[in-house]
Structure formats: structure tokens, C-alpha cells
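J.: kindly generate the corresponding structure for this input.
(2 chains)
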Protein chains: 2
Amino acid sequence: MPMDMNAFKLELQERKERIDKSLLKYLVKEDTHPAVIHQAMHYAVFNGGKRLRPMLVLEGAAIAAGNPEIAMKTACGLELIHCYSLVHDDLPAMDDDDFRRGKPTCHRVFGEANAILTGDALLTAAFELITGNADEPGVQPQQVVMVIREIAAAAGSQGMIGGQIMDLAAENESIDLATLQTLHSLKTGALFVTALRAGALLGNIDAGGLQALTSYAQHFGLAFQITDDLLDIKGDQILLGKPVGSDAKNHKSTYPSLLGMEQAEILARRSVEQCLASLEGFGSEADFLRQLANFTLERQS
Amino acid sequence: MPMDMNAFKLELQERKERIDKSLLKYLVKEDTHPAVIHQAMHYAVFNGGKRLRPMLVLEGAAIAAGNPEIAMKTACGLELIHCYSLVHDDLPAMDDDDFRRGKPTCHRVFGEANAILTGDALLTAAFELITGNADEPGVQPQQVVMVIREIAAAAGSQGMIGGQIMDLAAENESIDLATLQTLHSLKTGALFVTALRAGALLGNIDAGGLQALTSYAQHFGLAFQITDDLLDIKGDQILLGKPVGSDAKNHKSTYPSLLGMEQAEILARRSVEQCLASLEGFGSEADFLRQLANFTLERQS
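T.: Predicted coordinates for the structure are as follows:
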């Protein structure tokens, strides 16, 4: 399947805008009392993010239900969880980052106490929003309960938060490849996996199909992380919206630092091949996922 | 109804122990990887708390379903939300408290980054645990979805978190009685209300019964807050496990500071009378709630 990169970028942009519109609709309005928390929530959510996780939710629903829109509330809920994690990761006690995508971080604008509460509020709002998915025609409450359970597990102490704990513990320490892989499969992988699964679980999918999508998302998460590490070395600061070289400066173990650039690139390509292999049982309905995997190798931000 | 205070204290103790046992069963074991987060979660949950909120959940289910046990997972989930809010409230950027109930606060023991993540993990675990309530015989997934939605709203930016935002904004400022009432109805009232309602919603209850329990919980929250303020003035430091006089030292507006001791005590008593009036449509099945309301006026910690 030859791939038109510009057409795919337009497709990504269009999908991102559809998700942004829904996020704006679902978030409590900025002037709602107490205004500062709702302003800060909007600031944290409309941060120039790529909306990859909600895209995966919608794509899971498109494959399993023929209609991505039935999963929009869950998609936006998952993005709120991603956004809360960024707000808390940036805090002075954590990564102490002043900028994200070229804009001052939430605590730099709203203060530390408000930023902590903003993260808390986004996480709480995520689960409230996802319950609303039970109102969607064709979606059963039992499916929503299952999806909330999976998402909470993926975002929790044995998922994303567990990965962040490992990441903090690994600061200024050299870790081995197996530990790095566990760390990333928790910190970023778990949310990618639960995204694609959640969308599929809101439709109808058999165990084999679900397993295939799970495998895709695992390899996708790995490819995404490696290319992230590579961009931190050879990326364009303007396109990235953040300084390059920060991993090396922070003595952070990364795929390139443990494997070398060349081997890291090979591992990224192999992960994308495994993404494609996972989808062998699907037809053209999985073309977007195939293109997305390939795009990961080409992305510049 | 004459009330035997000692017998009621024993009843409270027995119920607390039953809830503690369930919390221990539902929390991820302390040695689970990454151990530090699970140790910190246990530390934050087993903090000598009175377990009032889960008691209200169980009592709602006892009244509406004749069996408190069907709501145990929701009860424990709500307590995890309460515990997370304490961990985050104590942080240096928030109230900056070194001790809670005579023990060093979570961030004093585990560090600030881990304490932030511990709060996040407890909040996330709460929702995962509550989804498990759908496995209970006689509970429908639709009820669980409704309960999660209510709890998330009560804990969110227009509930508990909104109240904490108002509380931070009111520091060292004098506010009027109406603002103080809004602040507390959000910061502590919303969780009490959602507790009793959540238990009732997992059983069968008509609109009138639900409204009566809602009204009870609102007045109970107010009575509880006023007696909290009074204990901070005239309480026993040993029984409370924290220094008294902290509100005055922090120039915090409280019911006694705005109304005077005597009027605050009258308002607390009137709130308890309104608790009892709310329950007029119930028979002996609401006796525990009646006793609990009366007990609020007598409590010493």
C-alpha cells in the first residue's frame, strides 16, 4: 500500500479538529464557578496535543462498530487522563518543566496548588465523561463499566502511574533495556493499549480481533517511544516546540542511549512491522492504523 | 428514642473495622511492583480515619436494599477518594501540613513526587474498584454507571475540588457566611451527599426516599463541619490527634469566627434537627442515621 504522506497528515489534522471540538463541548465552560479551575482545565487540555489516544479509541470503535462517533465520550475522557498526567508530570516536585509545546506549563500560569487540583479535576472529569458513553445508542451499560475498569487499571498504580514512579526512580541512574521497556510499556504503552481496546470494546469484537488490536497498540507504543527518543536527539526544536537534547542533559536512559542510534532505528522499524503483522486478519477497515504505524517513523514532532 | 452513647460508639467501631478489612482486601498489596506507590497508598488509607463516608454508603444500601454489603466496593471506593483528597490537601503547595492524626503526612514520609502520584493512584483505584460493584448479585450495570457519574461529579471541579479551590482562595481573607456555606457544601458536603445517595442508588429507592436521604446528608455535612470548627477551638489535642487553634492561627473563616461560639452551636443543633426531620418518612431502618446525627453533637474527635 503506497502511502501519500501529505494526504495522511491532512487526515490526522481533520481527526484532531473533530476531537478538539468535542473536548470543547464536553468540558465545563471556563466561566463556571470557581472560574480559575475551569480556566486551568481548558488551558491544560488545549495545549496543541496530537490527540493520538482519542484517535485510537475512535478507530477501535470504527473497526468494531463501523462508527467511530459512538466512542467519542470515551475518546475525550482518555485524552483528559493524558492531559492530567502531563500537568502533574510538569510540577516542580516531578519533572519541574517550565514549558510544554512552547507554552508555559499549567503551574507556571496558575500556580502550583491550582495545577495539582487541575490534574485531579481532569482525572475526575474523565470518568464522569466516560459514564456518559452509556447514553449512546447501541452501547450497553455493561460495556461502559468494562471500559472504565480497563482504563482505570491502565492509568493506575500498575499502569501509567507505576511507569511514572519507575521513571522518577530511574533519574540519573542507568537502567537496563528490560527495565526501560517495562517502564515505557507502563508509562505510555498502557494508555495506548487501553485506548484502542476501549473503542473496540464499545462495539462488537471477538477475542481474536481484540488480541490483534492489543498487539498492534503494544508495538505502536514502543515505536512511538523510540521515535520520541530519536527526535530528542536529531529533531527540530521549532517543530517539536521544546528544546532537543534534554534526555542527554538529564542523563536519562533512552533507547538510543542504550542501543545506539542505528539499533534504535532498527528496533523502531521492526516494531512498525509488528504493528502491520498484528493487523493481518483485518481488511481495509484497518488501513488507518496501518498508515498511522508507518507515519510514526516519518513524524517530525 | 433515648440513645446509649457507649453502645453507639461500639457500633461505629465495629462498622469501621468491617470497612478497614474490606479496604485491606481491595487495595493492591504493598509489595506489588512498584512497591513504593503501593506502600504509600496503604499508608495514606490506613490513617486512623473514622470511615464516615463509606458508612453512609453502606447505610444507604441497607435502607434501599436491606443489605449494606452489596455496596461495599462503592463504599471503599468513596473512602479512597476521601483519602486521596487528604494526601493532596496536605502537600506543601496546598495546606503544607506535616502531621495528620498524629502521624507524619504522606509527603513527609514518601516525598512530594510520590505523594502527588499516591493521590492520583488512589483516585484512579477508586473508580476501578467501584466498577467491581457491577459483579454484585442484584446490582445492574446501569446502576453502577449512574453511581460513578454522581460520585465523579461530587468529587470534581464543581464539587469537592471546587470547594478546595474556594478554600485556598479564602486563605487569610474574611468571607461572608453565604460563601462559607457554599465552600463547605462543596468541599465536604458533596461527598457526604453522594455517599448516602450512592448506596441508595445501588438498591431500590423511590424519588421521595432519595430526596429525603439527600436532605439528611446535606444537613449532616453542615452539622459535621460546624462541630469540626468547634472542636478546633475547644477540642482535646490528644483525642483529635492534631493541634487545636489552627483555624484561628491561619486566620481562617469558620462558623464560630463568623457567628460566635453560641450561635454556631445553635446552628449545629438545628442542622441535626433537620437531619431528623428529613427522615420522618422512614421507620426503624433509619435509626442508625438518626443516632449518627445526634452523635455528631457529642463527638470529641
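J.: tally up the residues packed near A:A125, please.
T.: Counted with other C-beta atoms under 10 Å in any protein chain shown, residues neighbouring A:A125 total 28. All C-beta atoms are positioned from the backbone trio N, CA, C, and that covers glycine.
J.: ok, it - contacts?
T.: A:27-28, A:41, A:77, A:80, B:152, B:156-157 (C-beta atoms under 8 Å, 6 or more residues apart in numbering or on different chains).
J.: and the residues you listed, which is closest to B:F282?
T.: The closest of the contacts of A:A125 to B:F282 turns out to be B:A152 (C-beta to C-beta; 27.9 Å).
J.: residues contacting A:K50?
T.: Residues near A:K50 by C-beta under 8 Å, 6+ apart: A:12, A:16.
J.: check which helix or strand covers it.
T.: Assigned by DSSP states H and E, A:K50 belongs to no helix or strand.
J.: which parts of the stretch 51-200 of chain A are helices?
T.: Using DSSP state H, counting those that start in this stretch, the helices of the stretch 51-200 of chain A run over A:52-65, A:72-89, A:106-110, A:112-131, A:141-155, A:160-169, A:177-184, A:190-201.
J.: tell me what angle the longest one forms with helix B:72-89.
T.: If I follow you right, that is helix A:112-131. For helix A:112-131 against helix B:72-89, the angle by axes from the mean of the first three to the mean of the last three C-alpha atoms, to 10 degrees is 160 degrees.
J.: what about helix A:112-131, distance to the chain center?
T.: The chain centroid and the centroid of helix A:112-131 are separated by 17 Å under C-alpha atoms, centre = their mean, to the nearest Å.
J.: could you give the mean pLDDT of that helix?
T.: What helix A:112-131 shows for mean pLDDT is 98.
J.: select, out of the helices of the stretch 51-200 of chain A, the one closest to B:L56.
T.: For the helices of the stretch 51-200 of chain A, the distance to B:L56 is smallest for helix A:112-131, at 19.5 Å, taking C-beta to C-beta.
J.: only alpha carbons, please: show the closest one as PDB.
T.: The C-alpha trace of helix A:112-131 is given here as PDB (Å, rounded to 0.1, in the frame of the first residue of the first chain):
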ATOM      1  CA  GLU A 112       1.300  25.000  41.900                       C
ATOM      2  CA  ALA A 113      -1.800  24.400  44.100                       C
ATOM      3  CA  ASN A 114      -4.200  25.100  41.300                       C
ATOM      4  CA  ALA A 115      -2.200  22.900  38.900                       C
ATOM      5  CA  ILE A 116      -2.300  20.000  41.300                       C
ATOM      6  CA  LEU A 117      -6.100  20.400  41.600                       C
ATOM      7  CA  THR A 118      -6.400  20.900  37.800                       C
ATOM      8  CA  GLY A 119      -4.900  17.500  37.300                       C
ATOM      9  CA  ASP A 120      -7.200  16.000  39.900                       C
ATOM     10  CA  ALA A 121     -10.200  17.600  38.300                       C
ATOM     11  CA  LEU A 122      -9.300  16.400  34.800                       C
ATOM     12  CA  LEU A 123      -8.900  12.900  36.000                       C
ATOM     13  CA  THR A 124     -12.200  13.000  37.800                       C
ATOM     14  CA  ALA A 125     -13.900  14.700  34.800                       C
ATOM     15  CA  ALA A 126     -12.600  11.900  32.600                       C
ATOM     16  CA  PHE A 127     -14.500   9.200  34.500                       C
ATOM     17  CA  GLU A 128     -17.700  11.300  34.600                       C
ATOM     18  CA  LEU A 129     -17.500  11.900  30.900                       C
ATOM     19  CA  ILE A 130     -16.900   8.200  30.100                       C
ATOM     20  CA  THR A 131     -20.100   7.200  32.000                       C
END
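J.: quick check: pLDDT value at the residue sitting nearest the centre point of chain A.
T.: For chain A, A:R53 is the residue whose C-alpha lies nearest the centre (C-alpha atoms, centre = their mean; 4.1 Å). pLDDT, A:R53: 98.
J.: contact partners for it?
T.: A:75, A:78-79, A:82, A:191-192, A:195.
J.: chain B: which of these is nearest?
T.: Closest to chain B out of those is A:L191 (11.8 Å), distances taken as C-beta to the nearest C-beta.
J.: gap between the residue nearest to the centre of chain A and chain B?
T.: A:R53 sits 16 Å away from chain B, taking C-beta to the nearest C-beta, to the nearest Å as the criterion.
J.: any idea how far A:F192 lies from B:L123?
T.: As judged by C-beta to C-beta, to the nearest Å, A:F192 and B:L123 stand 21 Å apart.
J.: let's verify the closest residue in space to A:L267 that isn't next to it in sequence: helix, strand, or coil?
T.: Nearest non-adjacent residue to A:L267, counting by C-beta to C-beta, 6 or more residues apart in numbering or on different chains: A:I226, 5.9 Å away. Classification of A:I226 by DSSP: H, G, I helix; E, B strand; the rest coil places it in helix.
J.: surely A:I226 touches A:M261?
T.: No. With contact defined as C-beta atoms under 8 Å, A:I226 does not count as touching A:M261 (10.5 Å).
J.: which one of these two has more residues nearby?
T.: Neighbours per residue, other C-beta under 10 Å: of A:I226 and A:M261, the larger number sits with A:I226, 26 against 14.
J.: can you pull the pLDDT of A:N250?
T.: Model confidence at A:N250, given as pLDDT, is 75.
J.: I figured it hits A:A170, correct?
T.: No. Using C-beta under 8 Å, A:N250 is not in contact with A:A170; the gap is 10.5 Å.
J.: between these two, tell me which one has more neighbours.
T.: Using other C-beta under 10 Å, the more surrounded residue of A:N250 and A:A170 is A:A170, with 16 against 10.
J.: if I pick the residue nearest to A:L267, what's in contact with it?
T.: A:I226 touches A:255-256, A:264-265, A:267-268, A:271, counting by C-beta under 8 Å, 6+ apart.
J.: let's see 6 Å
T.: A:255, A:264, A:267-268 (C-beta atoms under 6 Å, 6 or more residues apart in numbering or on different chains).
J.: which intervals of the stretch 101-250 of chain A have sub-threshold pLDDT?
T.: By pLDDT under 70, the weakly predicted segments of the stretch 101-250 of chain A are A:240-242.
J.: for it, what lies in contact range of chain B?
T.: A:112-113, A:116-117, A:120-121, A:123-125, A:127-128, A:131, A:134, A:141-142, A:144-145, A:148-149, A:152-153, A:155-157, A:161-162, A:165-166, A:168 (C-beta under 6 Å from any C-beta of the partner chain).
J.: next, count neighbours for A:G283.
T.: Counted with other C-beta under 10 Å, A:G283 comes out at 7.
J.: over to the one 4 residues further on?
T.: The burial count assigned to A:D287 is 13, neighbours taken as other C-beta under 10 Å.
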